[in-house]
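Asks: After the sequence you'll find the predicted model.
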Amino acid sequence: MVKIRLMRLGGKHKPFYRLVVADSRSPRSGRYIEAIGYYNPTTHPSTIKVNEAKAVAWLRKGARPSDSARVLLRKTGVLERAAAP
């Protein structure tokens, strides 16, 4: 199964996340298929950047977002675009 999830980068106490499409069996910060965006919670306000075309394409192919990725995709409006015909 293919999942859309966050991959943690950055140093200790300085998290930075990449939004990636990965096989569900691969490790959290390991191998991934494609990077589709990033999330930086340390800035004020938090920075969220998503390549909408790639995200919608993967969602329509059947990729399932993790809970945290779903929240980010909903904030950027990608989930609504993927649900529309």
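Replies: Yes, it's here.
Asks: from here on, contacts and neighbour counts on C-alpha atoms
Replies: Noted.
Asks: Spell out the residue ranges of the helices in the chain.
Replies: Secondary structure of the chain (DSSP state H): helices located at 52-61, 67-76, 78-83.
Asks: can those go into TSV with extra columns for distance to residue 2 and mean neighbour count?
Replies: Output for the helices of the chain, formatted as TSV (distance: least, CA to CA, whole Å; neighbours: other CA atoms under 10 Å):
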stretch	distance to residue 2	mean neighbour count
helix 52-61	9	16
helix 67-76	13	15
helix 78-83	16	15
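Asks: Nearest to residue 11, out of these?
Replies: With CA to CA as the criterion, residue 11 lies closest to helix 67-76 of the helices of the chain, at 20.0 Å.
Asks: Run through the neighbouring helices and strands of that closest one.
Replies: Helices and strands touching helix 67-76, by 3 or more CA pairs under 8 Å, 6 or more residues apart in numbering; DSSP states H and E, are strand 2-9, strand 47-50, helix 78-83.
Asks: Could you export it as PDB, CA atoms only?
Replies: Taking C-alpha atoms only, helix 67-76 is exported to PDB below (Å, rounded to 0.1, in the frame of the first residue of the first chain):
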ATOM      1  CA  ASP A  67      -3.300  11.300  10.100                       C
ATOM      2  CA  SER A  68      -0.800  14.200  10.200                       C
ATOM      3  CA  ALA A  69      -0.500  14.300   6.500                       C
ATOM      4  CA  ARG A  70      -4.200  14.500   6.100                       C
ATOM      5  CA  VAL A  71      -4.400  17.500   8.400                       C
ATOM      6  CA  LEU A  72      -1.800  19.300   6.300                       C
ATOM      7  CA  LEU A  73      -3.500  18.400   3.000                       C
ATOM      8  CA  ARG A  74      -6.800  19.600   4.400                       C
ATOM      9  CA  LYS A  75      -5.200  23.000   5.500                       C
ATOM     10  CA  THR A  76      -3.900  23.500   2.000                       C
END
